[in-house]
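# Mind looking at a prediction? Sequence and model below.
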Amino acid sequence: MKLYRLHKKQNLPITVDEAWDFLSAPQNLKVITPDYMGFDIVSGANRAMYPGQIIEYHVSPIAGIKTKWVTEITHVMNKHYFVDEQRFGPYSLWHHKHFIKPIDGGVEMEDIIDYKLPLGILGQLMHGMLVRKKIEEIFAYRKKKLEDIFGQYAFAKTTHK
């Protein structure tokens with residue numbers, strides 16, 4: 001199976017504390033996810049983020065088909081980074097690193113996602129035809145939503161392999 005990577009950076013004119021408070025609150029994931037995804041947190045988002053936290057979601061990524069997605073917060077370094085990993089869901093592997101660092105005039109937020117799709121060659125075909133575009137669309141929505149919430153700032157960098 002092929003390993004894919006999505007790498008995004010976004011700068012916002014807020015403090016590290018503001019960025020951390022928003023991004024590390026699991027319930028805010030619904031705020032920055034497109035409505036058509038039917039994203040609902042089922043359990044695990046009622047406490048501040050901690051290593052070992054299990055969060056269960058329902059999401060409808062394609063054609064309104066609802067699926068369960070369970071992630072674990074595996075690493076947390078307060079006000080610097082956290083990592084979530086899929087334990088159950090649509091991917092064979094989902095490893096998402098979230099970094100926050102201070103820059104002049106605000107913060108740089110960086111997301112690095114390594115993921116694999118199931119179904120071998122069929123999964124690779126689906127990646128090229130649908131999955132990559134869907135993930136890009138979700139992160140474009142997230143970028144715009146964060147700009148709407150916190151104000152616009154400079155640039156966002158993207159690489160996708």
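Thanks, I have it.

# pLDDT-wise, which helix or strand of the protein ranks last?
strand 156-160 (a mean of 44; mean pLDDT, DSSP states H and E).

# which SS state does His7 fall under?
strand (DSSP: H, G, I helix; E, B strand; the rest coil).

# in what helix or strand does the residue nearest to Glu110 when sequence neighbours are not counted lie?
Leaving aside its chain neighbours, Glu110 sits nearest to Phe99 (4.2 Å; criterion: Cβ to Cβ, 6 or more residues apart in numbering). For the C-beta atoms, the positions are set from N, CA and C on the backbone; glycine is no exception. Assigned by DSSP states H and E, Phe99 belongs to strand 93-103.

# Roughly how far does the residue nearest to Glu110 sit from Tyr50?
Distance, Phe99 to Tyr50, by Cβ to Cβ, to the nearest Å: 18 Å.

# Neighbours of the residue nearest to Glu110, how many?
Phe99 has 16 neighbouring residues, counting by other Cβ atoms under 10 Å.

# Does it touch His80 like I think?
Yes - between Phe99 and His80 there is a contact under Cβ atoms under 8 Å: 7.0 Å.
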